[in-house]
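What would the 3D arrangement of this be:
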Amino acid sequence: MADYRCFECDKSVDESYLKKKIRCPYCGSKMIFKPRTQPTKILAR
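Model prediction:
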């Protein structure tokens, strides 16, 4: 199960809630993100 967090209040938002609504249930923000567990490395050429 993926972990989604609110950009404004930084609280965890359940994935099943996001299937119904796009806004954060705590503060009403539309900015939801999925934190990465490992940093992404990009090789410059």
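
Where do the strands of this structure begin and end?
Counting by DSSP state E, one finds strands in the chain at the ranges 4-6, 12-13, 32-33.

Now tell me what touches the longest one from outside.
Same thing as strand 4-6. Strand 4-6 is contacted by residues 11-15, 18, 24, 26-27, 29, 31-35 when judged by Cβ atoms under 8 Å, 6 or more residues apart in numbering. Bear in mind the C-beta positions are built from the backbone N, C-alpha and C, glycine included.

try stretch 32-45
With contact meaning Cβ under 8 Å, 6+ apart, stretch 32-45 is reached by Ala2, Asp3, Tyr4, Arg5, Cys6, Phe7, Val13, Leu18, Ile22, Cys24.

And that stretch, what's buried?
Ile32 (16 or more other Cβ atoms under 10 Å).

For that stretch, output the C-alpha coordinates as CSV.
Output of stretch 32-45 as CSV, limited to C-alpha atoms (Å, rounded to 0.1, in the frame of the first residue of the first chain):
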residue,chain,number,x,y,z
ILE,A,32,-1.0,15.4,-2.3
PHE,A,33,2.4,13.7,-2.9
LYS,A,34,3.9,10.3,-2.6
PRO,A,35,7.2,10.5,-0.7
ARG,A,36,10.1,8.5,-2.2
THR,A,37,11.9,6.0,0.0
GLN,A,38,15.1,6.2,-2.0
PRO,A,39,16.5,9.2,-3.8
THR,A,40,16.4,9.0,-7.5
LYS,A,41,19.9,9.2,-9.2
ILE,A,42,20.2,10.7,-12.6
LEU,A,43,23.4,10.4,-14.6
ALA,A,44,24.5,13.5,-16.5
ARG,A,45,26.0,12.9,-19.9
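
what's the pLDDT at the residue nearest to Cys27 when sequence neighbours are not counted?
In this structure, Cys27 finds its nearest non-sequential neighbour in Cys9, 4.4 Å apart by Cβ to Cβ, 6 or more residues apart in numbering. Here the pLDDT value assigned to Cys9 is 93.

repeat for Ser12
For Ser12, pLDDT reads 90.
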